[in-house]
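>>> 3D, please:
(3 chains)
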Amino acid sequence: MQQELEVGLIANIATGEVQTASADIPIATTCTTDVIDVTDRVGDIVADAGIVEGFALVSAPHTTCAVIVNEAEPGFLEDFKRALEAIAPQSHEYAHNDAPHAEEFEAPNGYAHVRAAFLSSHSTLLPVRNGKLALGRWQRIFFVGRAR
Amino acid sequence: MQQELEVGLIANIATGEVQTASADIPIATTCTTDVIDVTDRVGDIVADAGIVEGFALVSAPHTTCAVIVNEAEPGFLEDFKRALEAIAPQSHEYAHNDAPHAEEFEAPNGYAHVRAAFLSSHSTLLPVRNGKLALGRWQRIFFVGRAR
Amino acid sequence: MQQELEVGLIANIATGEVQTASADIPIATTCTTDVIDVTDRVGDIVADAGIVEGFALVSAPHTTCAVIVNEAEPGFLEDFKRALEAIAPQSHEYAHNDAPHAEEFEAPNGYAHVRAAFLSSHSTLLPVRNGKLALGRWQRIFFVGRAR
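You can find the predicted model right below:
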């Protein structure tokens, strides 16, 4: 399934002026709960923008997805997926699963809406300093999504 | 109960300059858990501001509320309210319910503080492109609050 | 344990120009789950910056921490810590606890990663109006962290 992330920048550029800019990152999701590291792609957009200091907004224009910041450690990713499953199990009944859908086949995704609402993080804002994403040593940016 | 949302903008306006602006949206909550679609009112503020590209911050100056982005589908709203009730049931005991309150009658709202803390979304930041909120096809902005 | 918060500002300054600025706040965590009120220190940075109107981003460059906004009421803080413990108990098994760590002793902190991922709030963005953080009457900014 093709999804996307939007990256918006607001920053001092080299001339000393504050400017805005934006770019998109295509994301291919392949499984029920995908947690995809997008840090390098966001970092490339920041680097290309010629920023001195400012902010980068990474946002997902989807209602079953989230953008989180955490460590790229396989054990954590496993713990996180298990905890999401405990909060809103995929096999439960959801009223949203019975909603009429306008135009195309959609697998029941009530669980994914509830998870996205709990994470409550359709976007995340990161500082940019000295032309680079100012991430902590272990911080990575993840797109949390799902294949249809 | 009267509550409010603040909308802050930072954006390139038509002259090419970056500027900030802000406006308030009054909200009337009527039941224990209100989830109110405020997308059109935020969109009107963005449209009136003459923005070209930038960001809109939608924030709630309350400690028992949240601002989330999800789908305006009644089944989802039902699922979401049920999930909030499972995370922090209204009928449970909360230490906050016994706190002294300075000046006015307040119904026990410990559950609402815990829910707001978990959603951890007193504000949400949205991209603005081409003079409009850059929302995904199904994305709507909701104020999650409660009547006193 | 020494941790830190970053405060980034983007705002109209007195000359009418939009500018960015940033500063750091050192944080000393002392117990397993620390919830530390940093409002005054963020407010001082905003006041020192000579801002008229804009935004302040308070962000934690750590993967086991969060920044939340809620009420500085001891009962709520107790309720919140209890709810975090229910969501991701410290004594549970976490795959992350068995991960190899590069260079230094680290206590098992899988629970803290999962909590941080759920809160999904490594940063929070606040409006600034009339030179001050535009917080609601009961809103305070908390760093949620842990000692190693």
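
>>> What residue, apart from its backbone neighbours, is nearest A:L77 spatially?
A:V35 (5.4 Å; CB to CB, 6 or more residues apart in numbering or on different chains). For every residue, glycine as well, the C-beta is placed using N, CA and C.

>>> who does the helix or strand containing the one you found pair up with?
Taking DSSP states H and E as the criterion, A:V35 maps to strand A:34-37. Partners of strand A:34-37 in the sheet, by DSSP bridges, are strand A:140-145 (antiparallel).

>>> Tell me which residues are up against the strand it pairs with.
Strand A:140-145 has contacts (CB atoms under 8 Å, 6 or more residues apart in numbering or on different chains) with A:3, A:5, A:27, A:29, A:33-39, A:42, A:58, A:60, A:62, A:64-72, A:115-116, A:119, A:124, A:126, A:135.

>>> Could you export that strand as PDB, keeping only the C-alpha atoms?
Extracted as PDB, the C-alpha positions of strand A:140-145 are listed here (Å, rounded to 0.1, in the frame of the first residue of the first chain):
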ATOM      1  CA  ARG A 140      15.000   7.900  15.300                       C
ATOM      2  CA  ILE A 141      11.800   8.900  13.500                       C
ATOM      3  CA  PHE A 142       9.300   6.200  12.700                       C
ATOM      4  CA  PHE A 143       6.200   6.000  10.500                       C
ATOM      5  CA  VAL A 144       3.700   3.700  12.200                       C
ATOM      6  CA  GLY A 145       1.200   2.500   9.600                       C
END
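
>>> quick check: mean pLDDT across that strand?
Strand A:140-145 shows a mean pLDDT of 95.

>>> With stretch A:41-55 instead?
Stretch A:41-55 comes out at a mean pLDDT of 92.

>>> quick one on the thing from earlier: so what's the residue count around the residue nearest to A:L77?
Residues near A:V35, counting by other CB atoms under 10 Å in any protein chain shown, number 20.

>>> From A:R137, how far out is it?
Noted for A:V35: a distance of 20 Å to A:R137, by CB to CB, to the nearest Å.

>>> Which one of the residues in chain A is closest to chain C?
Proximity of chain A to chain C (CB to the nearest CB) peaks at A:G136, 2.9 Å away.

>>> Now do the buried residues in the helix or strand of chain A with the lowest mean pLDDT.
Across the helices and strands of chain A, mean confidence by mean pLDDT, DSSP states H and E is lowest for strand A:2-13: a mean of 88. For strand A:2-13, burial by neighbour count (16 or more other CB atoms under 10 Å in any protein chain shown) applies to A:3, A:5-13.

>>> What strands line up against the helix or strand where A:I68 lies, and which way round?
Here A:I68, judged by DSSP H and E, is contained in strand A:66-70. As defined by DSSP bridges, the strand partners of strand A:66-70 come to strand A:140-145 (antiparallel).

>>> report the angle between the axes of the strand it pairs with and strand A:2-13?
With axes from the mean of the first three to the mean of the last three CA atoms, to 10 degrees as the basis, strand A:140-145 and strand A:2-13 are set at 150 degrees to each other.

>>> what separates strand A:140-145 from the chain centre, distance-wise?
Distance of strand A:140-145 from its chain centroid, counting by CA atoms, centre = their mean, to the nearest Å, is 5 Å.

>>> do stretch A:64-82 as well
11 Å.

>>> residue ranges with poor pLDDT in chain A?
A:31-32, A:101-105, A:147-148 (pLDDT under 70).

>>> Near chain B, which residues of chain A? Just list them.
A:6, A:8, A:10, A:17-20, A:22, A:57, A:59-63, A:87-88, A:94-99, A:110, A:113-114, A:116-118, A:120-123, A:125 (CB under 8 Å from any CB of the partner chain).

>>> ranges for the strands of chain A?
A:2-13, A:18-28, A:34-37, A:51-59, A:66-70, A:123-129, A:132-133, A:140-145 (DSSP state E).

>>> most centrally placed residue in chain A?
Centroid check for chain A by CA atoms, centre = their mean gives A:V67 as the closest residue, at 2.7 Å.
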